[in-house]
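Enquirer: just to be clear, the model below is a prediction. Sequence and coordinates:
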4 protein chains.
Amino acid sequence: MKLSAEAQVELDQARSQSHTTLRPTVAALEAQMFLATPVLDHGFVRLVDYMGDDAAVVQAARVSYGKGTRKRLEDRGLIRYLMRHAHTSPFEMCELKLHIKMPIFVARQWIRHRTANVNEVSARYSILDREFYLPRPEDLAVQSTDNKQGRGSSLSEEEAAAVLHLLKRDAEQAHDTYEGLMGRFDLARELARINLGLNTYTQWYWKIDLHNLLHFLRLRLHPHAQYEIRVYGDAIADLVKLWTPLSWEAFEDYRLGGTFLSRQGIDLVRKALRGQSVGRADSGLSKREWKELMEVLELDPDTEIVGPGPAAT
Amino acid sequence: MKLSAEAQVELDQARSQSHTTLRPTVAALEAQMFLATPVLDHGFVRLVDYMGDDAAVVQAARVSYGKGTRKRLEDRGLIRYLMRHAHTSPFEMCELKLHIKMPIFVARQWIRHRTANVNEVSARYSILDREFYLPRPEDLAVQSTDNKQGRGSSLSEEEAAAVLHLLKRDAEQAHDTYEGLMGRFDLARELARINLGLNTYTQWYWKIDLHNLLHFLRLRLHPHAQYEIRVYGDAIADLVKLWTPLSWEAFEDYRLGGTFLSRQGIDLVRKALRGQSVGRADSGLSKREWKELMEVLELDPDTEIVGPGPAAT
Amino acid sequence: MKLSAEAQVELDQARSQSHTTLRPTVAALEAQMFLATPVLDHGFVRLVDYMGDDAAVVQAARVSYGKGTRKRLEDRGLIRYLMRHAHTSPFEMCELKLHIKMPIFVARQWIRHRTANVNEVSARYSILDREFYLPRPEDLAVQSTDNKQGRGSSLSEEEAAAVLHLLKRDAEQAHDTYEGLMGRFDLARELARINLGLNTYTQWYWKIDLHNLLHFLRLRLHPHAQYEIRVYGDAIADLVKLWTPLSWEAFEDYRLGGTFLSRQGIDLVRKALRGQSVGRADSGLSKREWKELMEVLELDPDTEIVGPGPAAT
Amino acid sequence: MKLSAEAQVELDQARSQSHTTLRPTVAALEAQMFLATPVLDHGFVRLVDYMGDDAAVVQAARVSYGKGTRKRLEDRGLIRYLMRHAHTSPFEMCELKLHIKMPIFVARQWIRHRTANVNEVSARYSILDREFYLPRPEDLAVQSTDNKQGRGSSLSEEEAAAVLHLLKRDAEQAHDTYEGLMGRFDLARELARINLGLNTYTQWYWKIDLHNLLHFLRLRLHPHAQYEIRVYGDAIADLVKLWTPLSWEAFEDYRLGGTFLSRQGIDLVRKALRGQSVGRADSGLSKREWKELMEVLELDPDTEIVGPGPAAT
């Protein structure tokens, strides 16, 4: 990912002008201001602005004057309490603004999150750059057999090369046509762009509050999310860790790393911890549901009885 | 709860006019159309309209023509899968419209759910009825000692009577003043109403999709929700059970009756089921967090080690 | 636009099953239930469900029992009053559910409306049909010179043919590759689809309330909206006219056919109607702003003075 | 409005700690940070945080690197263009966070704006201060005769005194009871508070983007808005003027000070400016609609014909 000379000048200028403010400031995040973290072959995540910090979550939860924070330990306890009990509104009091460049098929998944503010480059107005996403060979994989919307093992080196050749050929031809339509025929941009592929890069400004951002990350960092959006999630998560470390820690403990157990699942666990056994047949769960529960509990999916001590199989 | 004669005429008329439609129809819900379920002393929940049914969830998930449903068993499995994996958008394809009458302090909690459509009676425009909420004696309770925003044991009969006397006296006086301000002084309604108490009844039309309704119910049916809004949740839940029984069942199993375990909580459970012991000190949880976890697992809150077989205490 | 045999069966079945309901029903809309209105070369708008009617707007505005409507003339007056004074919440009490098939570049504009519920076909899960949008020759046009995001005059017949040849060639090749990637290499669907063009058709279920639908239509029926989304707006508008004719009439009079005049614009009009003259120099408007105002007033854009009687030029 | 000693300490501390930031900073707004503007007898509006400035609107509209702004004149022109043509998303890129204290009946109107983040003091958890709104004598007015939800002329001095006596008496008694219920009976806070009046003060943190804030102001600065919320609108408008002066100016010209003319209204204006006459009978407007139009055009409401030159009456 390389910036144009003009973009680089703008960026350098922005990074050179510091100001004095009474607003809460996060030093670790200031160090990242305006810098682009490369993602995929031409994409990036770039921090443009932020509002609030961990203390702002506490301040809002307490509806207090000034900062409203107390000792760090107390603040941490409150933030964990809020996260644990899904008191989400104080996390809405922090806001992040990013400049993101990503392939259109990624943007299409992304935009489904409706609780953000978005300004996207318009291909009715502007001419899109000749940039399209080509996966790394190792990221090309066959259709998954057990997950109908996922990918399985990687292609062989030869297959990957053949696939990339085709992807590249079509993308280049589509872009040649795009340019030719506007050049040779003066075709309206809004029409010419319909020839571009879904792997073409677009970009937007994206602004979202911390609560909704964490919800976005929870879905997009999930192993079932498509790899090409997950890497954007990773880049954004790195910023959140710097920005609101206490909220992030609580999020990891109580959301990201946690698990939802069904009524039947928690019932089984409670019984097992009390020394009782529960068999699949009595669980009220279908085969598939039981199998998913065994996986969550990190037991052998073929386990038929869960009981005290080492799970019977 | 009694309707005015005029309201009763309107209602009877509405119930007498049936139509033919090609839209999905739920017979069990049709039987409830326009009827008011009494809630608290003067409130109600009244079904005004609905869109969709369980099949509409399946239809949207499949983006199919016609109804898109298959065998009942397959549909049930899909609905449970969607609920389990938080694929929430198909549940947004059903919509419920209710007419609700409730005390203003209940309306104030209710309105915090922003994803609904609301039309409330305006006290700038209309004169509010002389109706205010007085709890039943058994619902009057002392401040909870362990839950800073809850209630504990009930008042004695004498105390309850004394409290109700005061509540009634103030509400009646406030309403007398309200009427007097408008009558004797012709004071603008928007000013006179500022004298009314938070226990005065208001009413609104409320329309919400099934996904957001289930989220509302999850929060408002929670034991920590205030009793006076929980009873509205109960009345609405009864309608949802009739309307979308498969979605409700999945909601009960995977949301309402389920539990979120933290990273540390599920780690502990996994270890215990494998025959290992986990002590509080090694859990990475604070005392309070550990205690809440023990409660979720239905173990003695003072348990210090959780291990194979009956939990050690 | 042709349905598959399977889809046709599903559709016929849905149209053959009528039910009895106490809910408000709109006969003119029932006649359209499940039918697809063709849009563009392979797209459609298909009515799936609706909630409410004009009377439901009135009912919510009055927070009334039963239907809450009075004489048709009174209801019409109230609906016009609500629209005129932007009392939008009663219009949120009606809801429409559509099944729509459209090119991806149209879906990308459409999804920017965040206040709707959407379930889209997933190309991670399903294989997309071999259908892509090719404009009619007369819809191919050059870039507009005065509207940076619009189109100007049509291409010549030869140019159009040449352009269509290119669009078709690239789309077919991209689709061949798409199929080959999945067939020959068993490439995961989520990867293969990145080779498809923005003119590929997708489809979704889309549910929205009347207020937000009218806002959508106001933007998408605007002459500056891209033709390819405007035609969907037209098809939906035809349904709204059948569904809520009074609301539509008010919308046409007070929103769609009306105009917003700026502070300076209304000031100029008031002066002119009182017999005073206003010149561009005194208007406080820039040249461009003045020119746009003259166009709104349907005066010669080069007019320099607006005054009593026929506008001076 | 007086802060508690503790609040004052917190506030002074916050105002004494300035930081260095690379984020856009607005000097005029920094001067207002944390300061409370008194509103009504005990309320206030207090600036807690902000994100962005006029340049951030331009930056997002251009999806540019760095600040993306050019000459001030160009930026002003773009902002005015965006406002004029309702391109609202760039204005969503600025965010304001306020701490507000207001009577509950004001909060009830306020919360109807759903596109904001809110954290309100909970009376289930905290004990509310003994503060309730008493209008100034000159703000007490009779019910309006032509606006069913407004107020007309002021009460006489004697009447105002009598009204205030009643309002004060009831509010004090209600608060005495509130304290007594919690003190003497240890009644749960969530129950005791139902006795309080709608004029009791509450407070919240409120965070909103500039687009939605301007929409809020447009409705709440309207002459038909209740006086007691309008004064909060005034206090917030003063902050917006300092924060984003170019956006505010465009808002005043194109929204606040402008007018929406109906299809019939703009048709009449166009004809009159071309030298034609339009009579009420031919206008297609009802009497009421015609009268409202005459008022918008600042003509005598009884005018029957609008034509060239001074309007005929």
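Expert: Good, I have the coordinates.
Enquirer: how is chain A partitioned into domains?
Expert: For chain A, automatic domain parsing gives the domain ranges A:5-128+A:199-256, A:137-195, A:263-306.
Enquirer: out of these, which comes closest to chain B?
Expert: Nearest to chain B among those is domain A:263-306 (3.1 Å), distances taken as C-beta to the nearest C-beta. Where you see a C-beta, it was placed from the backbone N, CA and C, and this is true even at glycine.
Enquirer: ok so, going back, how about the domains of chain A in a markdown table, adding mean pLDDT?
Expert: Below are those laid out as a markdown table (pLDDT from 0 to 100):
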| stretch | mean pLDDT |
| --- | --- |
| domain A:5-128+A:199-256 | 94 |
| domain A:137-195 | 96 |
| domain A:263-306 | 90 |
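Enquirer: now tabulate the ones you listed in CSV and tack on mean neighbour count and distance to B:Pro38.
Expert: Below are those laid out as CSV (neighbours: other C-beta atoms under 10 Å in any protein chain shown; distance: least, C-beta to C-beta, whole Å):
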stretch, mean neighbour count, distance to B:Pro38
domain A:5-128+A:199-256, 20, 31
domain A:137-195, 18, 47
domain A:263-306, 17, 30
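Enquirer: quick one: the helices in the stretch 101-250 of chain A, in order.
Expert: Assigned by DSSP state H, counting those that start in this stretch, the stretch 101-250 of chain A shows helices spanning A:104-110, A:157-184, A:189-192, A:210-220, A:227-243, A:245-251.
Enquirer: I figured A:Cys24 hits A:Lys67, correct?
Expert: Careful, residue A:24 is Pro; it's not Cys. Yes. Counting by C-beta atoms under 8 Å, A:Lys67 is a contact partner of A:Pro24 at 7.5 Å.
Enquirer: now do the shared contacts for these two.
Expert: Both A:Pro24 and A:Lys67 are contacted by A:Ala55, under the criterion C-beta atoms under 8 Å, 6 or more residues apart in numbering or on different chains.
Enquirer: before we move on, the earlier item: now the domains of chain A as a markdown table including distance to C:Leu167?
Expert: Shown next, in a markdown table, are the domains of chain A (distance: least, C-beta to C-beta, whole Å):
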| stretch | distance to C:Leu167 |
| --- | --- |
| domain A:5-128+A:199-256 | 15 |
| domain A:137-195 | 6 |
| domain A:263-306 | 45 |
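Enquirer: can I get the ones you listed in TSV including distance to chain C?
Expert: Shown next, in TSV, are those (distance: least, C-beta to the nearest C-beta, whole Å):
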stretch	distance to chain C
domain A:5-128+A:199-256	4
domain A:137-195	4
domain A:263-306	17
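Enquirer: residue contacts, A:Arg15?
Expert: By C-beta under 8 Å, 6+ apart, A:Arg15 lies in contact with A:Met33, A:Phe34, A:Leu35, D:Leu22.
Enquirer: actually A:Val48, sorry about that
Expert: Neighbouring residues of A:Val48 by C-beta under 8 Å, 6+ apart: A:Met33, A:Phe34, A:Lys97, A:Leu98, A:His99, A:Tyr205, D:Gln59.
Enquirer: in a markdown table, list the contacts of A:Arg15 along with secondary structure and distance to B:Leu239.
Expert: Output for these, formatted as a markdown table (DSSP: H, G, I helix; E, B strand; the rest coil; distance: C-beta to C-beta, whole Å):
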| residue | secondary structure | distance to B:Leu239 |
| --- | --- | --- |
| A:Met33 | coil | 51 |
| A:Phe34 | coil | 52 |
| A:Leu35 | coil | 53 |
| D:Leu22 | coil | 54 |
